[in-house]
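> coords please:
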Amino acid sequence: IVAVYSPLLDAGSADEWTHASAVQAIQTDPIAPGVRLSLAGLYPQLNQPVQARRFIEQAIELKPDCVNSYFNYGDILEVQQEYYLAYQSYLRTRELLPQDSPDREVVQAKIDELRPQAEEQFQQMQAEAQAAQEAAQQGQGIPSPEQPTLPEDEVQLENPPEGFNEILEGEGAGENTQPN
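From the prediction side, this is the model:
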């Protein structure tokens with residue numbers, strides 16, 4: 001049904017019909033990856049790559065050895081500029097393809113084309129991870145409850161209650177601080 005409606009996407013509410021038919025097909029056969037692959041192909045036409053990605057991830061989860069799923073996933077990731085993940089997806093596609101498949105050339109071309117961007121993105125991810133690790137080691141990570149989240153000079157009260165400043169400065173700690 002998705003195949004019937006998707007060519008008609010320019011005709012009014014055909015996208016809604018396509019989506020509704022796909023949802024119904026998923027409800028009828030919830031473990032079939034084919035409908036999700038169809039939806040993953042539909043959503044980029046609707047300029048909804050996040051939805052496409054979600055459906056392709058579901059298809060991969062349902063059938064982890066489906067070559068088309070990994071290839072299409074690579075395409076979606078590439079559009080989203082997640083080059084390292086797209087590269088990994090194309091590598092997985094190549095692993096799953098039979099040695100004598102003519103599609104190996106297409107997949108290899110994608111791998112070769114994406115390799116420089118994937119390597120650059122991987123190096124950037126490594127640098128970010130290292131910087132985060134160093135910041136955490138130096139105590140510059142996410143503030144713990146003991147660490148103030150604002151500099152002291154920004155925390156001001158216009159009319160602090162009597163004894164408030166002494167409490168902040170540690171004075172009067174031994175005095176009775178209960179109300180009279």
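> packing partners for the longest helix seen in the chain?
When the chain is parsed with DSSP state H, its longest helix is helix 103-137. Taking 3 or more C-beta pairs under 8 Å, 6 or more residues apart in numbering; DSSP states H and E as contact, the helices and strands that helix 103-137 lies on are helix 67-79, helix 83-96. The way it works is simple: take the backbone N, C-alpha and C, and place the C-beta from them, glycine included.
> could you dump the ones you listed to JSON lines with distance to Gln138, mean pLDDT and mean neighbour count?
Shown next, in JSON lines, are the helices and strands packed on helix 103-137 (distance: least, C-beta to C-beta, whole Å; pLDDT from 0 to 100; neighbours: other C-beta atoms under 10 Å):
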{"stretch": "helix 67-79", "distance to Gln138": "34", "mean pLDDT": "92", "mean neighbour count": "22"}
{"stretch": "helix 83-96", "distance to Gln138": "27", "mean pLDDT": "96", "mean neighbour count": "20"}
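> how about CSV for the ones you listed, with distance to Gln133 added?
Shown next, in CSV, are the helices and strands packed on helix 103-137 (distance: least, C-beta to C-beta, whole Å):
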stretch, distance to Gln133
helix 67-79, 26
helix 83-96, 19
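> relative to Thr28, which of those is closest?
Closest to Thr28 of these, according to C-beta to C-beta: helix 67-79, at 20.2 Å.
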